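Trainee: fold the following, please.
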Amino acid sequence: LLLNKKYLVVSLICFGLCFGLTRIYLVPQASNELASKVGEKIEFSGVLVAESDVRDNQTRLTVRPEGYKNKILVVAPAYSDYQYGDELKVSGTLSWPENFETESGKVFNYQKYLEKDGIFFLLEFAEVEKLSENKGNVVISNLFNLKRWFVSRMEALLPEPESSLLAGLVVGEKQGLGKEWNDNFRAVGLSHIVVLSGYNLSVVAENILKIAGLLLSKNLSLLAGAGGIIIFALMVGGGATVLRAALMALIALLARATGRLYHATVALA
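Mentor: Predicted coordinates:
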């Protein structure tokens, strides 16, 4: 039995290594054709493949040009109103993202930060025109619409900055807080509560389980909780931190469903 366990551990380690090497091999590379146009003014049409990142003085759009796998981060004016799935016509000067020095004096590798999402190029001060709508995934589009509706209801019921704080706590919408409040949260070490992470997911999951537990049997409430976690992860964009938290939460639900104790170290492994 001990020998079998050793074989199992070795097998899992080998599988993990193979999976990791495959993941590295499949990481997208910067398009040579686009790279040759860096520094030039270009014009292309493409689809907005993520939610607009609206900030105080600009709007950031993740656009995949037609015919390319790479994505381009397009920086447009702050008043721009574009939604996931919009087909856009974009023009501007193509550039590489540049690393920058943080307030603590460390250099932030902005290039690698964007590359993890398949973004290799930057287009600042871009001219953007909407050509059409609803070019994205229908399910994702409807989930984003649900999120926007939910945030709009909070804005209607609560004044600022309370409504933006609640939106940050529940769905990670921190842009509405503005620079001053974001700096305040950062100064006191509470930025994590308005950044999508396991904390946000735990708030949602616990409430789904409580509500489902009042209406459904134990197994059905756990199933509803798992479905709610998956839907929430998709609704907020499915970033790396949310996916990790969603996986950990689903493992915890599996432990409940099978009557086993939940140990964080086992779940991490």
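Trainee: show me the strands in this protein, by range?
Mentor: Secondary structure of the chain by DSSP state E: the strands cover 41-48, 53-54, 59-65, 71-76, 87-95, 100-101, 107-108, 119-132.
Trainee: and the longest one, what does it pack onto?
Mentor: Meaning strand 119-132. Identification of packing neighbours for strand 119-132 by 3 or more Cβ pairs under 8 Å, 6 or more residues apart in numbering; DSSP states H and E yields helix 32-35, strand 71-76, strand 87-95. (Each C-beta comes from the backbone N, C-alpha and C, glycine too.)
Trainee: run through who's touching that strand.
Mentor: Outside strand 119-132, the residues that touch it by Cβ atoms under 8 Å, 6 or more residues apart in numbering are 28, 30-31, 34-35, 38, 42, 45, 61-62, 70-76, 80, 82, 86-97, 114.
Trainee: rerun at 7 Å
Mentor: For strand 119-132, contacts defined as Cβ atoms under 7 Å, 6 or more residues apart in numbering pick out 30, 34, 45, 62, 70-76, 80, 82, 86-92, 94-97.
Trainee: try the fourth one
Mentor: For strand 71-76, the surrounding residues in contact (Cβ under 7 Å, 6+ apart) are 49, 58-65, 90, 114, 118-119, 121-126, 128.
Trainee: for PyMOL, write the select line for the buried members of the contacts of strand 119-132.
Mentor: Buried residues among the contacts of strand 119-132 (16 or more other Cβ atoms under 10 Å), as a PyMOL selection:
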select buried, resi 30+34+62+70+71+72+73+74+75+76+80+82+86+87+88+90+92+94+97
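Trainee: okay if I get the helices and strands packed on strand 119-132 as JSON lines plus mean pLDDT and distance to L222?
Mentor: Output for the helices and strands packed on strand 119-132, formatted as JSON lines (pLDDT from 0 to 100; distance: least, Cβ to Cβ, whole Å):
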{"stretch": "helix 32-35", "mean pLDDT": "89", "distance to L222": "46"}
{"stretch": "strand 71-76", "mean pLDDT": "92", "distance to L222": "37"}
{"stretch": "strand 87-95", "mean pLDDT": "93", "distance to L222": "41"}
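Trainee: distance to E101 added to these, as CSV?
Mentor: Shown next, in CSV, are those (distance: least, Cβ to Cβ, whole Å):
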stretch, distance to E101
helix 32-35, 25
strand 71-76, 20
strand 87-95, 18
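Trainee: now for these, which one comes closest to E180?
Mentor: strand 71-76 (22.1 Å; Cβ to Cβ).
Trainee: what pairs with the closest one, parallel or antiparallel?
Mentor: Here strand 71-76 is paired, per DSSP bridges, with strand 59-65 (antiparallel), strand 119-132 (parallel).
Trainee: just those strands: most buried one?
Mentor: Highest mean neighbour count of those: strand 59-65, a mean of 21 (counted as mean count of other Cβ atoms under 10 Å).
Trainee: restrict it to CA atoms and write it as CSV.
Mentor: Below are the C-alpha coordinates for strand 59-65, written out as CSV (Å, rounded to 0.1, in the frame of the first residue of the first chain):
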residue,chain,number,x,y,z
THR,A,59,-10.8,54.0,-20.9
ARG,A,60,-8.8,50.8,-21.6
LEU,A,61,-10.1,48.4,-24.2
THR,A,62,-8.8,44.9,-24.9
VAL,A,63,-9.3,44.4,-28.6
ARG,A,64,-8.4,41.3,-30.7
PRO,A,65,-7.7,42.5,-34.3
